[in-house]
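Trainee: Starting from these lines, generate the structure:
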Amino acid sequence: MIRTIKSVGIAAGLFALSSTAGFAEEAMGQAVFTQYCATCHGASGTGDGPLTEMITSKVPDLTKISMQNDGEFPMLDVIHIIDGRTGLRGHGGPMPTYGAVFASESFDAEFGSVIYTRAKILSLAYFLESIQEP
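Mentor: Numbering: from 1, shown residues only. Coordinates of the predicted model:
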C-alpha cells in the first residue's frame, strides 16, 4: 500500500512538472546537463568542456543539432541517444548511455525508476532543444 501511494505521488509530481509551460523541464534539464554533460560539452553545450583535452574524439557542439537536421530538433533521436535505446553510443564513442545511469539513481527501483529516468532524459532533451542556434 505504501509503495502504491509513493508511486502515485511520484507520478503526480512528475505530471505536475511536465504540465508547466516548459520552464520546469528546461530548468531541471539544465541542472542535469550541468551535472552530467558540461564536463565534455561545456557549460554552453558548444563542445568545449574541461575534459575535451583528454578525449580522443571530437566532442560535438550540441547547439547545432537542429541546424544539422534541416532546422528541426530531432527530439526522439536525441532521447534515444541519451538513454542508449538505439544501441549506438552518443557520437559513436565514449559518451555514457544515461538511461542506465539515471535508473540506478532512482530512490524506488521497483516503481519509480522508469518515471524518474524518463523525466530526467526528457528534461535534458528539452534543455538541449532550448539551446539550439537558429
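Trainee: Could you point out which residue ranges in this structure have low pLDDT?
Mentor: 1-25, 86-97, 106-112 (pLDDT under 70).
Trainee: could you pull out the helices for it?
Mentor: Here the chain has its helices, by DSSP state H, at 2-18, 23-36, 38-41, 75-83, 98-105, 113-130.
Trainee: Same list (those helices) but as JSON lines, adding mean neighbour count and distance to D61.
Mentor: C-beta coordinates here come from the backbone N, C-alpha and C atoms, glycine included. Formatted as JSON lines, the helices of the chain follow (neighbours: other Cβ atoms under 10 Å; distance: least, Cβ to Cβ, whole Å):
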{"stretch": "helix 2-18", "mean neighbour count": "12", "distance to D61": "28"}
{"stretch": "helix 23-36", "mean neighbour count": "17", "distance to D61": "14"}
{"stretch": "helix 38-41", "mean neighbour count": "20", "distance to D61": "8"}
{"stretch": "helix 75-83", "mean neighbour count": "18", "distance to D61": "14"}
{"stretch": "helix 98-105", "mean neighbour count": "16", "distance to D61": "19"}
{"stretch": "helix 113-130", "mean neighbour count": "20", "distance to D61": "11"}
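Trainee: Now those helices in a markdown table, please, with extra columns for distance to S57.
Mentor: Listed next are the helices of the chain as a markdown table, based on distance: least, Cβ to Cβ, whole Å:
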| stretch | distance to S57 |
| --- | --- |
| helix 2-18 | 34 |
| helix 23-36 | 18 |
| helix 38-41 | 10 |
| helix 75-83 | 15 |
| helix 98-105 | 18 |
| helix 113-130 | 19 |
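Trainee: Could you say which one of those comes nearest to N69?
Mentor: In terms of Cβ to Cβ, the element of the helices of the chain nearest to N69 is helix 75-83, at 8.1 Å.
Trainee: returning to what we had before: of all the helices of the chain, which one is nearest S66?
Mentor: S66 sits nearest to helix 113-130 of all these, at 7.8 Å, using Cβ to Cβ.
Trainee: elements contacting that closest one?
Mentor: Judged by 3 or more Cβ pairs under 8 Å, 6 or more residues apart in numbering; DSSP states H and E, the packing partners of helix 113-130 are helix 2-18, helix 23-36, helix 75-83, helix 98-105.
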